[in-house]
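>>> 3D, please:
(2 chains)
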Number of protein chains: 2
Amino acid sequence: MYYIGIDVGGMSIKGGIVTKEGAIISKAVIETRDCYDSDYSISLDIKKVIDELLAKSNIALDEIEGIGIGQPGSIDYDKGIIRYSNNIALTNVPVRDELSKYFDLPVFIDNDANCAALGEYVFGDAKKYKNIVFVTLGTGVGTGIITDGKMIRGRGNAGAEGGHMVIRINGNKCNCGRRGCWETYASVSALIRQTQAAMDKYPDSLMHKIAKEEGKINGKVSFKAARQGDEAGLKVVKQYMKYVAEGLTNLVNIFRPDVVLIGGGISFEGEYLTLPIQRMVNRNSFGAKYNPKTKVFSASLTNDAGILGAAALIVK
Amino acid sequence: MYYIGIDVGGMSIKGGIVTKEGAIISKAVIETRDCYDSDYSISLDIKKVIDELLAKSNIALDEIEGIGIGQPGSIDYDKGIIRYSNNIALTNVPVRDELSKYFDLPVFIDNDANCAALGEYVFGDAKKYKNIVFVTLGTGVGTGIITDGKMIRGRGNAGAEGGHMVIRINGNKCNCGRRGCWETYASVSALIRQTQAAMDKYPDSLMHKIAKEEGKINGKVSFKAARQGDEAGLKVVKQYMKYVAEGLTNLVNIFRPDVVLIGGGISFEGEYLTLPIQRMVNRNSFGAKYNPKTKVFSASLTNDAGILGAAALIVK
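Residues are numbered from 1 along each chain as shown, chains lettered A, B, ... in the order given. The predicted structure is shown next:
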């Protein structure tokens, strides 16, 4: 038996046929349209990807256990509806019902942060743990949380928005409307702002040269400079790690996971990022002396994490 | 069938025999000793309370379904061990094993905040909900969290320490070692500090008279003054509610519960406290426009909440 995993993004809709072991034996991709509406639902494009997958792989529908879809935004997991997505403009799209017209298979849809956590839990390095906090550091900060082997969804699947936990009352303005959300300090967008500010302050920093090489100020600039011993770069990186650790320590106090996984492009910094954060989290979490320690790792699924995470919905 | 609920506190160990409906048909209480050690375990005092309950009620042991114990501190729920308690000085007491020598019954032990949440879920007003955040505002801020009908415990039962979520980086010093924990702003101890500061600043405030009547500055002073229209009192109360709401909004974003319950003596302020907080939480939580609203109530179990919460451990 196989799973179909669909990873819906702003640029493309990717699909894969996935084995029980997490191998992808067939892939398909189409571009995401600029606009979906009642005449042309996003479900039709998802159907196209599935049709292509089935045709390519020569796998029959009755060998497929289900369809899992990962999608950014606010998803009603129980009803199988995209409630709201602003990246790809969508409101109240009953994806499960629409796809059920074409495929006699269970259909699951969840947001991409939940899928990422689930992918690690089902197919990745977190397989051996039951309590997992997954944090994606990117444009924002997304969290997917599994406790005692179960995904935290909350009412209407509207929970697990750990990025929108205020860590500094009256702090930076967040686009959720509050001030001081963790994501305004710990996202890669925030790191870029912090890098920019430090570059303005330190005109001799190596970061200027690196930013030129990179063609822009991105999330790598301060890390590259810091690894080469640049003082200003080190300052940025240390402060950024503190911000990441501050929110993670909050989540560790609330969930006391076995493992924290960091995803997003920045996770390629590896232990240079995760070890100092792990130290801070374990030093600062509640009852540090007598409570179990938490491991902090980079996400293990990188390529096709979206497809695998979506396929994991069928398993869990 | 009946449950035995034991509420261990710094002053007394209270016990009750509880029916399936949550009625307490027999009660017993003894004073907590100043010191327990390897010669005299706290389990012996718990045994005394149980013996008295059974004798008083004339209920046979085979009519009892189990023994539940609520205890402040860090409890290993899976192993039935008090790992650490500083209020009553205890370290690594294997309460379940010790009590099993005397009673052939299932024994459960958990910390008092978890028990409080569970009590509301099994016997109280939260019975009809599956996603509950229970917050006790007292000396500290304790949280007990139920998602999808299951208690959040985390690894080694060390989770659900929501009071130790930093809401202001580099803020007030907390006795957990961090700075800016929610409990340093939203506990009743914090409210008392805030009241004291406002009284120092506003010598004409009604709070001075009320504090004299109360015999000290307690958690009621600012609320009593505010209800009588005292400007300084109102200021204190409004700011305090904001602090409470800030942390609750974080927890709502993470758990998206059906209901938030506020416990502790301050919950007697009723809707004067809960309605403004409910408004703030629903206005500020993530995706407020399209996500489900959260109700904020005072805890429904007041007298004997500790006994009922402990008994609830046997049910869930």
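
>>> any chance you could map the helices in the stretch 201-316 of chain A?
For the stretch 201-316 of chain A, applying DSSP state H, counting those that start in this stretch gives helices covering A:207-214, A:221-227, A:231-255, A:271-284, A:305-315.

>>> Show me the one of the ones you listed that comes nearest A:Pro94.
Set against A:Pro94 and scored by C-beta to C-beta, the helices of the stretch 201-316 of chain A come closest in helix A:305-315, at 16.8 Å. For every residue, glycine as well, the C-beta is placed using N, CA and C.

>>> Let me know the average pLDDT across that closest one.
Mean pLDDT, helix A:305-315: 96.

>>> Show me what it is packed against.
Contacts defined by 3 or more C-beta pairs under 8 Å, 6 or more residues apart in numbering or on different chains; DSSP states H and E place helix A:305-315 against strand A:2-8, strand A:12-18, strand A:24-31, strand A:64-71, strand A:107-111, helix A:112-122.

>>> again, only using 6 Å
Under the contact definition 3 or more C-beta pairs under 6 Å, 6 or more residues apart in numbering or on different chains; DSSP states H and E, helix A:305-315 sits against strand A:2-8, strand A:12-18, strand A:64-71, helix A:112-122.

>>> Mind listing the strands the next helix-or-strand element following the last one pairs with, and their directions?
Reading on from helix A:112-122 to the C-terminus, the next helix or strand found by DSSP states H and E is strand A:132-137. Here strand A:132-137 has these sheet partners by DSSP bridges: strand A:141-147 (antiparallel), strand A:259-263 (parallel).

>>> Could you say which of these is packed most deeply?
For these, the largest average neighbour count (mean count of other C-beta atoms under 10 Å in any protein chain shown) is found in strand A:141-147, namely a mean of 27.

>>> For chain B, tell me whether the helix or strand that that one is followed by is touching it.
Where DSSP H and E defines the elements, the next helix or strand beyond strand A:141-147 is strand A:150-151. No. Using C-beta under 6 Å from any C-beta of the partner chain, strand A:150-151 stays clear of chain B, with a minimum separation of 6.8 Å.

>>> close to chain B, is the helix or strand just after strand A:150-151?
Proceeding N to C from strand A:150-151, the next assigned helix or strand is helix A:183-186, under DSSP H and E. No. Interface with chain B: helix A:183-186 contributes nothing (C-beta under 6 Å from any C-beta), its closest point being 8.2 Å away.

>>> what about helix A:183-186, average pLDDT?
Over the span of helix A:183-186, the pLDDT mean works out to 97.

>>> Could you do stretch A:103-123 as well?
Averaged over stretch A:103-123, pLDDT sits at 96.

>>> hang on, isn't A:Val135 packed against A:Thr143?
Yes. Between A:Val135 and A:Thr143 there is a contact under C-beta atoms under 6 Å: 5.4 Å.

>>> need the residues of chain A near chain B, please.
When proximity is defined as C-beta under 6 Å from any C-beta, chain A approaches chain B at A:74, A:84, A:131, A:147, A:152, A:154-156, A:158-159, A:161-162, A:164-169, A:176, A:178, A:246, A:250, A:253-256, A:258, A:284, A:286-287, A:290-292.

>>> Show me just the buried residues among these.
Neighbour counting by 16 or more other C-beta atoms under 10 Å in any protein chain shown classes A:74, A:84, A:131, A:147, A:152, A:154-156, A:158-159, A:161-162, A:164-169, A:176, A:178, A:246, A:250, A:253-256, A:258, A:284, A:286-287, A:291-292 among the residues of chain A next to chain B as buried.

>>> of all of the stretch 51-200 of chain A, which residue lies closest to chain B?
A:Gly154 (2.8 Å; C-beta to the nearest C-beta).

>>> where does chain A dip in pLDDT?
For chain A, no stretch is flagged by pLDDT under 70.

>>> Confirm for me that A:Ile75 is in contact with A:Asn114.
No. The pair A:Ile75 and A:Asn114 fails to qualify as a contact (C-beta under 6 Å) at a distance of 8.1 Å.

>>> Identify the spatial nearest neighbour of the residue of the stretch 51-200 of chain A closest to chain B, chain neighbours not counted.
Closest residue to A:Gly154 apart from its sequence neighbours, by C-beta to C-beta, 6 or more residues apart in numbering or on different chains: B:Arg256 at 2.8 Å.

>>> close enough to count as contact, that neighbour and A:Glu161?
No. Taking contacts as C-beta under 6 Å, B:Arg256 lies outside contact range of A:Glu161: 7.9 Å.

>>> I'd like the distance between the closest residue to chain B within the stretch 201-316 of chain A and A:Ile109.
Minimum separation of the stretch 201-316 of chain A from chain B (C-beta to the nearest C-beta) falls at A:Arg256, amounting to 2.8 Å. A:Arg256 sits 29 Å away from A:Ile109, going by C-beta to C-beta, to the nearest Å.

>>> before we move on, what about A:Glu231?
Where A:Ile109 is concerned, A:Glu231 sits at a distance of 48 Å (C-beta to C-beta).

>>> the more surrounded of the two?
Neighbour count, other C-beta atoms under 10 Å in any protein chain shown: between A:Glu231 and A:Ile109, A:Ile109 has more, with 28 against 14.

>>> Next, the contact list for the more buried one, please.
Contact partners of A:Ile109, counting by C-beta atoms under 6 Å, 6 or more residues apart in numbering or on different chains, are A:Ile69, A:Ile75, A:Gly80, A:Val95.

>>> A strand includes the second one, no?
Yes. Assigned with DSSP: H, G, I helix; E, B strand; the rest coil, A:Ile75 falls within a strand.

>>> Is the closest residue to it other than its chain neighbours bridged to anything, and to what?
Nearest non-adjacent residue to A:Ile75, counting by C-beta to C-beta, 6+ apart: A:Asn111, 4.8 Å away. In this entry, A:Asn111 is beta-bridged to A:Gln71, by DSSP bridges.

>>> Go ahead and produce PDB holding the CA coordinates of the helix or strand A:Leu54 falls within.
Using DSSP H and E, A:Leu54 sits in helix A:42-57. The C-alpha coordinates for helix A:42-57 follow below in PDB (Å, rounded to 0.1, in the frame of the first residue of the first chain):
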ATOM      1  CA  ILE A  42      -7.700  24.500  -6.200                       C
ATOM      2  CA  SER A  43      -9.000  21.000  -5.800                       C
ATOM      3  CA  LEU A  44      -8.900  20.700  -9.600                       C
ATOM      4  CA  ASP A  45      -5.200  21.400  -9.600                       C
ATOM      5  CA  ILE A  46      -4.600  18.900  -6.800                       C
ATOM      6  CA  LYS A  47      -6.600  16.400  -8.900                       C
ATOM      7  CA  LYS A  48      -4.300  17.000 -11.900                       C
ATOM      8  CA  VAL A  49      -1.300  16.300  -9.800                       C
ATOM      9  CA  ILE A  50      -2.800  13.000  -8.500                       C
ATOM     10  CA  ASP A  51      -3.800  11.900 -12.000                       C
ATOM     11  CA  GLU A  52      -0.300  12.500 -13.200                       C
ATOM     12  CA  LEU A  53       1.100  10.600 -10.200                       C
ATOM     13  CA  LEU A  54      -1.100   7.600 -10.900                       C
ATOM     14  CA  ALA A  55      -0.400   7.600 -14.600                       C
ATOM     15  CA  LYS A  56       3.400   7.900 -14.200                       C
ATOM     16  CA  SER A  57       3.700   5.300 -11.500                       C
END
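
>>> How far away from the center of its chain is that helix?
Put simply, helix A:42-57 sits 24 Å off its chain's centre (C-alpha atoms, centre = their mean, to the nearest Å).

>>> And that helix, what does it pack against?
Counting contacts by 3+ C-beta pairs under 6 Å, 6+ apart, helix A:42-57 is packed against strand A:12-18, strand A:24-31, helix A:95-100.

>>> Contact partners for the closest residue to A:Leu118 other than its chain neighbours?
Excluding its sequence neighbours, the residue lying closest to A:Leu118 (C-beta to C-beta, 6+ apart) is A:Ala312, at 4.0 Å. By C-beta under 6 Å, 6+ apart, the contact set of A:Ala312 is A:Leu118, A:Gly119, A:Val122.
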